[in-house]
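Asker: Using only what follows, build the 3D model:
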Amino acid sequence: MEATLEANRRETLGKNEARRTRRAGRVPAVVYGAATEGASREATSIDVDPKALLRILHSDSGANTLISLKLGDANDKVLVRDYLLDPVTHAILHADFYRVAMDKLLQITVPVVVKGEAKGVKLQGGILEFVRREIEIECLPSDIPEHVEVDVTELMVHDGVRVRDIAQQSKWKPLIDGDTMLVHVILPKAEESAAAADATAAPTATSEPEVLKKGKKDEDADKKDDKKKDDKKK
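Answerer: Residues are numbered from 1 along each chain as shown. I've put the predicted structure just below:
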């Protein structure tokens, strides 16, 4: 997804100026990096429309949205590097952008989403558990996917999907080890504990004969003691 965002250059800086910018209905921001070789990498202070920026951040691609940033006569391609929200009102307070070159690969983190309902959940009472909700990939800025889709339909209990199981994509490649687990189907903890207890429990021997034998010995001993007492009386 690509979006457009208009910006104004900020000539004065500082906390007081940032507050004035917010009171004027804009959000202070900074653009970093150079779009082309040899261009200045000096940071540029700007302000943007908070509503337009929030629409981008709340879209399906979120902070991975490729943005055409219009600043005067310039039209740079940027991505959101970071942003700050008010902890109470959730209003956006500040944003950082970085310029990207459209012909250069970049490394970016994208979310993992699942497709379908696992058979191990539907038929065996298992639980689908995320091991990783994001993975790092490499691609061109124009090929950034909104997410990486994982089909879990055929997963039974104890089955999982690893990075190497994802359908190969020509436009991007994962940057983490192929053996890395993304999602798997597990048993509920109570069932796992019960299964483990059954597997480790040793067969118990019947103790009743021993108790009976012991009781018999005690009874015989009591009879002997009674007989000795009777002999002494005589």
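Asker: and the longest strand for this protein?
Answerer: strand 74-85 (DSSP state E).
Asker: and the closest residue to Asp151 other than its chain neighbours, how many neighbours?
Answerer: Among residues not flanking Asp151 along the chain, Lys115 sits closest, at 4.8 Å (Cβ to Cβ, 6 or more residues apart in numbering). Using the backbone N, CA and C atoms, a C-beta is placed for each residue, glycine as well. Lys115 has 9 neighbours, counted by other Cβ atoms under 10 Å.
Asker: in this protein, what secondary structure element scores lowest on mean pLDDT?
Answerer: Every helix and strand in the chain was compared by mean pLDDT, DSSP states H and E; the lowest is helix 208-233, with a mean of 52.
Asker: Pull out the buried residues from the longest strand of the chain.
Answerer: Across strand 74-85, burial judged by 16 or more other Cβ atoms under 10 Å covers Asp76, Lys77, Val78, Leu79, Val80, Tyr83.
Asker: Not counting sequence-adjacent ones, nearest residue to the fifth one?
Answerer: The spatially closest residue to Val80, leaving aside those adjacent along the chain, is Ala63, at 4.3 Å (Cβ to Cβ, 6+ apart).
Asker: returning to what we had before: how far away is the residue nearest to Asp151 from Glu154?
Answerer: 11 Å (Cβ to Cβ, to the nearest Å).
Asker: same deal with Val27?
Answerer: Taking Cβ to Cβ, one finds Val27 at 46 Å from Glu154.
Asker: who's more crowded, these two?
Answerer: Ranked by neighbour count (other Cβ under 10 Å), Val27 and Glu154 place Val27 first, with 24 against 11.
Asker: surely that one meets His94?
Answerer: Yes - with contact defined as Cβ atoms under 8 Å, Val27 and His94 form a contacting pair (6.7 Å).
Asker: dump the residue contacts of the residue most central in space within the chain.
Answerer: Geometric centre of the chain, nearest residue: Arg133, 3.1 Å, by Cα atoms, centre = their mean. With contact taken as Cβ atoms under 8 Å, 6 or more residues apart in numbering, Arg133 is in contact with Pro111, Val112.
Asker: change the start of the numbering to 277 and stick with it
Answerer: All set: I'll call the first residue 277, so the last point we hit is now Arg409.
Asker: how close does it sit to Gln400?
Answerer: Arg409 is 23 Å from Gln400, by Cβ to Cβ.
Asker: next one: Ala283
Answerer: From Ala283 to Gln400 the distance is 54 Å (Cβ to Cβ).
Asker: out of these two, which sits in the more crowded spot?
Answerer: More crowded of Ala283 and Gln400, by other Cβ under 10 Å: Ala283, with 26 against 14.
Asker: Does the more buried one belong to a helix, a strand or coil?
Answerer: strand (DSSP: H, G, I helix; E, B strand; the rest coil).
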